[in-house]
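# here's my sequence, what's the structure:
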Amino acid sequence: MLLDLEVPDEALRPYLIVGGNDSGPFRPIVKANPARVTAPETEAAIALASLNGIARWRRQQRYRRKLRSWTGLRIVSEGDSWFQYPFLLTDVVDWLSEPYAIYSLDAAGDLLSDMVQQGELVTAVVQEKPHVVLLSGGGNDLLGGSHLSQAVLAFEAGRPARNYLGQSFKLNLDAALANYKQLFSRLAEVAPRTPILCHVYDYAAPARGRWLGQPLATVGIADPALQREIVRAIVDRFHAELTALASGFPQVRVIDTRGAVGDTRWHDELHPNDAGFAAVAGLFAAEIARATATDVPKLATEASVEGAAIGATDEVERLLDRLAIFPDDALLHEIGRREVLARAGNLQHDPVTVFPSSVAGTFPEFRDEGLRVATEAVAASGARGAASSTVLAHRLSPVLVSRGAREDQAMLIAAWFLRRSPAEVEALRRHATAPPEPSL
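Residues are numbered from 1 along each chain as shown. A predicted model of the protein is given here:
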């Protein structure tokens, strides 16, 4: 299936997961879901190690095939996971690949320094002679690998958000801008009239995850409002500095993507969901049209974009989709794993992450622990008389049961996971109390 270009990426999603500890910020490592994929040991090892590369290969093969009868705009793209989130999300380049022929050099996890040192971009521009070049970079660089906590100062009451950006952040930013300058300069030498479009990401929302929420909490910045303000300060500073740099290169255009994703269209702390990526892609499409004096293409039908937005902007849908691909035992193992870590002092968990050790059942005792705490959670919610947990459990339980989970166990799993997510509680409460839409 992976090597069959006729199989769309979306059809592969149920068989893949993001590797927990292997992934980094803006560097999702996609792996086969052991609960859905059975393969000989050698074959599985090869697939697990190369799925990100296969995603890039599929794009380049489709580009070559498209060129056989293509008369429209040709584009070269180089970027990080906003341009290549393999298989599991429809990213910016995925959305733009319908109206344009895009030669993708994108690789989730790429640093700007990687783009400079590898030299692939300049080579591709010389060879492909694109009408436009797209760049996405700086996210990994500004986070300093996975160490956001090193880029900000420790909590101090009354300190303005912008003043938390310390010397380490400035060094990271300066290095990112220096790499951008090299890329702009090299492209100006080989293609001085080719527009270069780049962006500045968006105001991501820390959500107790390991990329934003947890690193900030480790330096005492635990208030969600302050966390959001600091992320906003990072993005605003990046926008101002990159725009100033670009002003010295006539062919470079910085697209202001701030606010495009909004508060609710996020897949995780760093990446938009499909609808969020579609919104960013729409800004790119509009700028491509201005730069090339062409019409703005329609990236998708209104119905499909709206449908994606309605389903994906509701936080509970993200949880439903993510958890439903895992077998019952894996979810019980994950519940147990989290509870054991919580007792050890680790209280921060991304609500949609299921670790590979839980899928593999590495620690069998976690399953028993998960069953115990899930049962207690349901009993406690009933004792409090809180209807929300029951509503939540009934919403996720049919999804789990439909793929083979025992009904009583599915109810326990659903209630446990969803009681941990206040946003989902409120979203489902609204959903449960909303009047049904009239049928036609």
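
# any weak-confidence spans in this protein?
Within the chain, the segments meeting pLDDT under 70 span 1-50, 87, 144-147, 300-325, 345-353, 356, 374, 377-440.

# strands of that one, start to end?
Counting by DSSP state E, the chain has these strands, from start to end: 16-18, 30-32, 74-79, 101-104, 132-136, 196-199, 252-255.

# which outside residues touch the longest one?
The set of residues that contact strand 74-79 without belonging to it, under Cβ atoms under 8 Å, 6 or more residues apart in numbering, is 67, 83, 92-93, 96, 100-106, 110, 115, 120-121, 124-125, 128-137, 288. Every C-beta, even on glycine, is put in place using the N, C-alpha and C of the backbone.

# same check on the last one?
If you take Cβ under 8 Å, 6+ apart as the criterion, strand 252-255 is touched by 184, 195-200, 239, 242-243, 246, 283-284, 287, 291.

# now the buried members of those residues.
Those of the contacts of strand 252-255 that meet the buried threshold are 184, 195-200, 239, 242, 246, 283-284, 287, 291, by 16 or more other Cβ atoms under 10 Å.

# just flag the most distant two among these.
184 and 283 (20.0 Å; Cβ to Cβ).

# how many neighbouring residues does the residue nearest to residue 371 when sequence neighbours are not counted have?
If the residues on either side of it in the chain are set aside, residue 371 comes closest to residue 332, at 5.5 Å by Cβ to Cβ, 6 or more residues apart in numbering. By the criterion of other Cβ atoms under 10 Å, residue 332 has 27 neighbours.

# also residue 124?
The number of residues packed around residue 124, counting by other Cβ under 10 Å, is 18.

# so who does it touch?
76, 78, 103, 105, 130.

# and the fourth one, how far from residue 269?
Here the criterion is Cβ to Cβ, to the nearest Å. By it, residue 105 lies 25 Å from residue 269.

# those two - which one has more neighbours?
Set side by side, residue 105 and residue 269 show more neighbours around residue 105, with 23 against 19, by other Cβ under 10 Å.

# thinking again about what came up before, closest to residue 227 out of the contacts of residue 124?
Looking across the contacts of residue 124 and measuring by Cβ to Cβ, the closest to residue 227 is residue 78, at 30.5 Å.

# beta partners of that closest one?
Counting by DSSP bridges, residue 78 is bridged to residue 135.

# what's around it, how many residues?
Other residues near residue 78 come to 28 when the count uses other Cβ under 10 Å.

# that one and residue 109, how far apart?
Separation of residue 78 from residue 109 (Cβ to Cβ): 13 Å.

# how about residue 73, what does it touch?
Residue 73 makes contact with 100-101, 131-132, 288, 292, 294 under the criterion Cβ under 8 Å, 6+ apart.

# can you redo those residues as a markdown table with neighbour count and distance to residue 376?
Putting those into a markdown table (neighbours: other Cβ atoms under 10 Å; distance: Cβ to Cβ, whole Å) gives the following:
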| residue | neighbour count | distance to residue 376 |
| --- | --- | --- |
| 100 | 24 | 54 |
| 101 | 20 | 56 |
| 131 | 19 | 61 |
| 132 | 22 | 57 |
| 288 | 24 | 55 |
| 292 | 13 | 61 |
| 294 | 15 | 61 |
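
# wait, isn't residue 187 in contact with residue 195?
No - using Cβ atoms under 8 Å as the test, residue 187 is too far from residue 195 to be in contact (10.1 Å).

# hey, what's in contact with both of the two?
Counting by Cβ under 8 Å, 6+ apart, the common neighbours of residue 187 and residue 195 are 133, 251.

# so who does the nearest residue to residue 110 once chain neighbours are set aside touch?
The shortest distance from residue 110 to any non-neighbouring residue, by Cβ to Cβ, 6+ apart, is to residue 80 (5.1 Å). Contact analysis of residue 80 by Cβ under 8 Å, 6+ apart lists 26-27, 106-110, 136-137, 139-140.

# how near is residue 80 to residue 326?
Taking Cβ to Cβ, one finds residue 80 at 27 Å from residue 326.

# same question for residue 299.
From residue 299 across to residue 326, the span is 31 Å (Cβ to Cβ).

# tell me which of the two has more neighbours.
In this view residue 299 and residue 326 are compared by other Cβ under 10 Å, and residue 326 has more residues nearby, 23 against 19.

# and the residue lying closest to that one once chain neighbours are set aside, how far from residue 331?
Leaving aside its sequence neighbours, residue 326 sits nearest to residue 354 (Cβ to Cβ, 6+ apart; 5.4 Å). Residue 354 is 7 Å from residue 331, where distance means Cβ to Cβ.

# looking at the two, which is more packed in?
Here residue 354 and residue 331 are compared on neighbour count by other Cβ under 10 Å; more neighbours surround residue 331, at 27 against 24.

# is it true that that one touches residue 361?
No - Residue 331 is not in contact with residue 361 according to Cβ under 8 Å; the separation is 11.5 Å.

# show me what contacts the closest residue in space to residue 164 that isn't next to it in sequence?
Distances taken as Cβ to Cβ, 6+ apart place residue 152 nearest to residue 164, at 4.6 Å, with adjacent residues excluded. By Cβ under 8 Å, 6+ apart, the contact list for residue 152 reads 164-166, 169, 216, 219, 221, 230.
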